[in-house]
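In: any chance you can model this:
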Amino acid sequence: MKNLFRISFLLLVLSGCAKGGDSPSTDPADDDLDGPISRPAYGYGADGTFKVAEINFANPAYSGTDVTIFYPAGTTSAKGTIFYSHPYGGEDKNYARGLFEFIAKKGFVVVFVPYPTTGVSIEDRYNTLWAGFLKAATDYPNIIDKTRVGFMGHSFGGGASIALAYKAFTDYGWGQNARFLFTMAPWYSYQITNAQLQNFPANTKMIAQVYDEDTVNDHRLAIDIFKNISISAAEKDFIYMKSATIAGYTYHTEHTMPNTRTAFDAYDYYGIYRLLDAMMDYSFNGNQAAKNVALGNGSAEQITMPGYKNEVLPPLEVSDNPAPKYAQSRYGFQCGSTNNPRIGNGN
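Out: Down below sits the predicted model:
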């Protein structure tokens, strides 16, 4: 039964729809996005001007696969870097290529490390991610600035990002000048205790996102980490995204966002890329003006979403004290499951 559930989850990850800017657009679509709403033309969430380059090297802990570094072509100095942990089953870098290229186009770096989907333990997957991150940071100091780092992840990777970031920040001293977390629909978080959550460095910032249509991962998993981590309310926001239909096209908020394999629409740009863009500018560059978009605590600049003609996407819901909207029975992976190492911390 457990293996069947894991296979079902993989199929969900690989077959789902996508969703996910500073300035709303009301013009007809003039780009390659699905749906009627165009990507932002300017401001946070707009594509950057850098060309994207890639470095691939053998994955040190997963034979036959490569670690990929996406970075701005022609860079002559180390840049702020995001270490990305993919969802269960998302071993192909093309699954979220749109996200990776967006980061590089904005002048920053992202490291992608595939880990095995089957046949290994959770600890093995965490170790594979860390081994790839560490090798990238060690071997490419001319590209990766270990003093300015973010840890970002989706689903299994969202849960894993917490412990991986803690190791990087506290055991290796990464992020002296900038640290942030960006989790999306996280699965269970292993290898992290409440004492460790209370010991995150003072300069850590955080965005935690959950999606209304997600029936895979219980939102309580994200809420648990968000409430227990030692990041001040001024430096973290919990963000809830809801689906909507605009001009006959449904902008979904399912478990699989962001995802450029099956759909790629304005929710990727306005709900995820825009906030990440502002977080990178605020954290890596110290731009205080960017905070109002990334961590605006419900500011109009943060929550306002775009529209098409007279139809507008619902605003983002932002909270410092999130509460679950649905019963645990809605989800495949429930906070109260004995598979949750933090079962006693559920909300």
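In: what are the ranges of the strands in the protein?
Out: 52-58, 66-72, 79-85, 109-112, 144-154, 178-184, 204-211, 236-241, 244-246, 249-251, 307-308, 311-312, 317-319 (DSSP state E).
In: okay if I get the ones you listed as JSON lines plus mean pLDDT and distance to Asp268?
Out: (Glycine included, C-beta is placed from N, CA and C.) Formatted as JSON lines, the entries for the strands of the chain read as follows, by pLDDT from 0 to 100; distance: least, CB to CB, whole Å:
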{"stretch": "strand 52-58", "mean pLDDT": "98", "distance to Asp268": "16"}
{"stretch": "strand 66-72", "mean pLDDT": "98", "distance to Asp268": "16"}
{"stretch": "strand 79-85", "mean pLDDT": "98", "distance to Asp268": "15"}
{"stretch": "strand 109-112", "mean pLDDT": "98", "distance to Asp268": "15"}
{"stretch": "strand 144-154", "mean pLDDT": "98", "distance to Asp268": "12"}
{"stretch": "strand 178-184", "mean pLDDT": "98", "distance to Asp268": "11"}
{"stretch": "strand 204-211", "mean pLDDT": "98", "distance to Asp268": "12"}
{"stretch": "strand 236-241", "mean pLDDT": "98", "distance to Asp268": "11"}
{"stretch": "strand 244-246", "mean pLDDT": "97", "distance to Asp268": "15"}
{"stretch": "strand 249-251", "mean pLDDT": "95", "distance to Asp268": "10"}
{"stretch": "strand 307-308", "mean pLDDT": "96", "distance to Asp268": "16"}
{"stretch": "strand 311-312", "mean pLDDT": "96", "distance to Asp268": "17"}
{"stretch": "strand 317-319", "mean pLDDT": "98", "distance to Asp268": "18"}
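In: now the ones you listed as JSON lines including distance to Ala46 and mean neighbour count?
Out: Conversion of those to JSON lines gives the following (distance: least, CB to CB, whole Å; neighbours: other CB atoms under 10 Å):
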{"stretch": "strand 52-58", "distance to Ala46": "15", "mean neighbour count": "14"}
{"stretch": "strand 66-72", "distance to Ala46": "16", "mean neighbour count": "22"}
{"stretch": "strand 79-85", "distance to Ala46": "18", "mean neighbour count": "26"}
{"stretch": "strand 109-112", "distance to Ala46": "18", "mean neighbour count": "26"}
{"stretch": "strand 144-154", "distance to Ala46": "19", "mean neighbour count": "25"}
{"stretch": "strand 178-184", "distance to Ala46": "19", "mean neighbour count": "27"}
{"stretch": "strand 204-211", "distance to Ala46": "19", "mean neighbour count": "25"}
{"stretch": "strand 236-241", "distance to Ala46": "20", "mean neighbour count": "23"}
{"stretch": "strand 244-246", "distance to Ala46": "20", "mean neighbour count": "17"}
{"stretch": "strand 249-251", "distance to Ala46": "19", "mean neighbour count": "21"}
{"stretch": "strand 307-308", "distance to Ala46": "17", "mean neighbour count": "20"}
{"stretch": "strand 311-312", "distance to Ala46": "19", "mean neighbour count": "16"}
{"stretch": "strand 317-319", "distance to Ala46": "22", "mean neighbour count": "16"}
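In: can you add distance to Val120 and give those back as JSON lines?
Out: As requested, the strands of the chain are exported to JSON lines (distance: least, CB to CB, whole Å):
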{"stretch": "strand 52-58", "distance to Val120": "18"}
{"stretch": "strand 66-72", "distance to Val120": "17"}
{"stretch": "strand 79-85", "distance to Val120": "15"}
{"stretch": "strand 109-112", "distance to Val120": "18"}
{"stretch": "strand 144-154", "distance to Val120": "18"}
{"stretch": "strand 178-184", "distance to Val120": "22"}
{"stretch": "strand 204-211", "distance to Val120": "27"}
{"stretch": "strand 236-241", "distance to Val120": "31"}
{"stretch": "strand 244-246", "distance to Val120": "39"}
{"stretch": "strand 249-251", "distance to Val120": "35"}
{"stretch": "strand 307-308", "distance to Val120": "45"}
{"stretch": "strand 311-312", "distance to Val120": "45"}
{"stretch": "strand 317-319", "distance to Val120": "36"}
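In: of all these, which one is nearest Arg330?
Out: Shortest distance between Arg330 and these, using CB to CB, is found for strand 204-211: 12.2 Å.
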